[in-house]
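Undergrad: Take a look and give me a structure for this.
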Amino acid sequence: MEPKYFLYARKSTEEDDRQVMSIEAQLFELKELARKENLEILEVFQESKSAKTPGRPVFDEMMRRVDESDGVGILSWHPDRLARNSIDGGRIIYAVDQKKVVSLRFSTFWFQPTPQGLFMLQVAFGQSKYYSDNLSENIKRGYRQKLRRGEWLTLAPFGYTNNPRTRTIEPHPVTGRVVARAFAEYAKGSHTYISLGQFLADLGVVSRNQTPLAKISIRRFLTNRAYLGFVKHKGEWFDGNFPPLVTPALFAAVEKVLQSKERPRKRKGRHDFPFCGLFRCGECGSMFSAQWATGKCGGRYRYYRCSKKKGTCSQRYLREESLALQLKSRLQTISLPPRYTDWMLSEVKEWEKGGNSARASEMQELSVLVRASEARLEKLISTYLDGDVPKEMYLVKKDELMRASLALKEKRKALERGSTPWVEPLREWILDMQQADFLSSSDDFYKIKALVKKIGTNPMVRDAAAHFATPAPSAFVAQRRTRLLALNSFARRDFGLNSREVTFGGVLLRFARTFFEKSTTGKN
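TA: Okay, here's the model as predicted:
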C-alpha cells in the first residue's frame, strides 16, 4: 500500500519581504506532483527558518510525528529543504533505517529506501551541508573584500540611504541634515537625552510607537562612529568610502559633553569585617555577623554578633580584638616553631626519596610480570590456533591471564601516577603549623581567618568564646605543647635540634604520618 505523506516546505529567511514566493511555489509544485502520482498528503508542514543549524520547531514537530507513526512518507522539494546540517540529515537517515520513513519523494531528486538509495541520500545531504558551509565562507570573504574597499555591509544607518548601483551608502538629503543638526545642538551642552529626544521628535524622528526616542537610543545615536565615515564589523571599526555626516571636531565635542554629564554611580564602601562568614552561633546555629559601634569616648569599634536568623538567641556581642586574641592564642597552641618544621620537612623529604626508590623497584618488578603475562597469553593463543587446546579450556585460561595482566597494569599505573599519597598532606600540615606560629603574633586578620577556615572544623562562638576543632596531629601537638616549650627554651638557636628534640619531633612526625597514611588509604 502506498504510504501517506507529510509535505514539508521551507524557506531560509524569516523576513516576509524576502523569498516571498518560495514556500508558495514549493507547495504548488509538490501538490501538483502529489496529484499526478496519486499521493495522499496527511499533513502539511511549512516554516521560514534556516537549516544550517539544528533547532527548527516545525521540522522537530514533523520528526516527532514520524517517530510516533508506523511508517509514513515525506514529500519535499529537495533534500536541502529538509536538512543542511549533519544532525538533521542523520535524523532523516536513521528514520529510514528504522522504517519510520518508508518513502521519500522529491521534485528534483530521486530516492529509494535501498542501500544505494541511502548512500545517495547521504551524498545529497552532504552536498547541502557543503553548500551551506561554502556559502558562509564566501560571505565572510565578501565581507573582508568590502571592508578593504570601505563599503557598508548592512542596511544603512539613520541619516544614510543604500545605493544599489554602487552597493554602498550615501547621505540622505533630509535625515542626513537632521543628524548633523542634532549633533550640533547637543554639542552646545544645553540638552539632556530627554530634551534631545523631543528635539528630534519635533523634526519627525520618532520610535515605531510614534514616541520620542528612548535614552539608550539617543546615546547610541550620539556615539555611532558611522557618522564619521567608519564601518563597524565584529566590534572593530574600519575606514569607509562614504562621506561623513559630522566632522571629527563636532563628534569630539559631543563626546566631551557626554563624559561631563555621565557621572559614575557612587557605591558604598565595603565594610572591613575580616571574620565575617567564619563562625556560627553555638546556641542557635546562625552565622555570626558584624557591625560598627561607637564607644563612650567616640571611638569606633567592630563587634561580632549572632545574626539570629534562626530565632531567638541570648548570645551577646563580641569585640573584634577579643575574638582575634582568642584565635591567635588557639593557633599558638597548635603551632610548631620553625626549627621543628624545618627538621620535619627534611625528614619527610628523606622518606619521599626512600619511597621513590622502593616505588621504582616495584614498578620494575611489575613491568617484568606484565611482560611475562603477555608472553603466556601469546603462547596460549598460538597453542589454540595450532589446535592443541580445546576451545572451552582456551577461553577459561585466556580470561584468567587477561584478568591477571589487567590487575598488574592497574597496579603499575597507580605507582606511575605520582608520589606516595600521604606525603603531600603531611608536608602541607607541617607548613600549616609553621604558618600558625607566624600568625599567632600577627595582626593580619584576613590571613588568620583563611588559616582557621583551612585547618579548623565546626568553628563556633558561644558565651563570647571562640572554638574550632583541628585534625588529630594538631590536637596531638596541643596536648604536648608544654613539653615542647620546655625543650625549646633550652635549645641553641644557632644549632640544630638536640637528641631530646629529635626524639620529641620524631614522635610528632610519626603520629602525623600514621594519621595521613590511614586517611589517604581510607583505613580506620
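Undergrad: before we move on, which element is E170 in?
TA: Assigned by DSSP states H and E, E170 belongs to strand 168-171.
Undergrad: Same question for that strand: list its buried residues.
TA: T168, I169, P171 (16 or more other CB atoms under 10 Å). In this view, the C-beta of every residue, glycine as well, is placed from N, C-alpha and C.
Undergrad: who touches the helix or strand that comes right after that strand?
TA: Following strand 168-171 in sequence order, the next helix or strand is helix 175-187 (DSSP H and E). The contact list for helix 175-187 (CB atoms under 8 Å, 6 or more residues apart in numbering) reads 158-160, 191, 196, 199-200, 203-205, 221-222, 227, 245-246, 250-251, 253-254, 257.
Undergrad: For burial, what's the neighbour tally of S441?
TA: Here the number of neighbours of S441 (other CB atoms under 10 Å) works out to 10.
Undergrad: Was I right to think it contacts S329?
TA: No - in this structure S441 lies outside contact range of S329 using CB atoms under 8 Å: 10.8 Å.
Undergrad: hey, where'd the strands end up in the stretch 51-200 of the chain?
TA: For the stretch 51-200 of the chain, applying DSSP state E, counting those that start in this stretch gives strands covering 72-76, 101-106, 160-163, 168-171.
Undergrad: Who are the contact partners of the residue nearest to F288 when sequence neighbours are not counted?
TA: Excluding its sequence neighbours, the residue lying closest to F288 (CB to CB, 6 or more residues apart in numbering) is F279, at 4.3 Å. F279 sits next to M287, F288, Y304, P459, M460, V461, A466 when contact means CB under 8 Å, 6+ apart.
Undergrad: so which of those would you say is closest to K349?
TA: P459 (32.6 Å; CB to CB).
Undergrad: give the contact list for the closest one.
TA: Contacts of P459 by CB under 8 Å, 6+ apart are L278, F279, R280, V452, K453, A466, H467, F468.
Undergrad: Select only the buried ones of the contacts of F279 in ChimeraX?
TA: Per 16+ other CB under 10 Å, the buried members of the contacts of F279 correspond to this ChimeraX selection:
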select :288,304,459,460,461,466
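Undergrad: which of the contacts of P459 are buried?
TA: Listed as buried from those are L278, F279, R280, V452, A466, F468; burial here means 16+ other CB under 10 Å.
Undergrad: The last one and V461: what is the separation?
TA: Going from F468 to V461 by CB to CB, to the nearest Å gives 10 Å.
Undergrad: And A293, which helix or strand is it part of?
TA: Per DSSP H and E: strand 288-294 holds A293.
Undergrad: Who does the helix or strand following that strand pair with, and is each partner parallel or antiparallel?
TA: Once the chain leaves strand 288-294, the next helix or strand it forms, by DSSP H and E, is strand 300-306. In the sheet, strand 300-306 lines up against strand 288-294 (antiparallel), strand 318-319 (antiparallel) (DSSP bridges).
Undergrad: Let me see the mean pLDDT of the longest one.
TA: Right, the one you point to is strand 288-294. Taken as a whole, strand 288-294 has a mean pLDDT of 81.
Undergrad: who's in contact with it?
TA: 271, 273, 275-276, 278-281, 300-307, 317, 320, 461.
Undergrad: give me the number of residues near D444?
TA: D444: 11 neighbours (other CB under 10 Å).
Undergrad: Of the contacts of helix 175-187, which belong to helices?
TA: Those of the contacts of helix 175-187 mapping onto helices are L196, F199, L200, F221, L222, L250, F251, A253, V254, V257, per DSSP state H.
Undergrad: Now which of those residues would you call buried?
TA: Buried subset of these (neighbour count, 16+ other CB under 10 Å): L196, F199, L200, F221, L222, L250, F251, A253, V254, V257.
Undergrad: Skipping adjacent residues, who's closest to A187 in space?
TA: Ranked by CB to CB, 6+ apart and with sequence neighbours excluded, the top spatial neighbour of A187 is A253, at 4.1 Å.
Undergrad: gap between the one you found and S12?
TA: Look at A253 and S12: by CB to CB, they are 45 Å apart.
Undergrad: quick one on the thing from earlier: mean pLDDT for the strands of the stretch 51-200 of the chain: which is lowest?
TA: When mean pLDDT is averaged over each of those, strand 101-106 scores lowest at a mean of 82.
Undergrad: Can you give the contact residues for that one?
TA: Under CB under 8 Å, 6+ apart, the answer for strand 101-106 is 2-3, 5, 33, 37, 39, 66, 71-79, 92, 95-96, 111, 113, 121.
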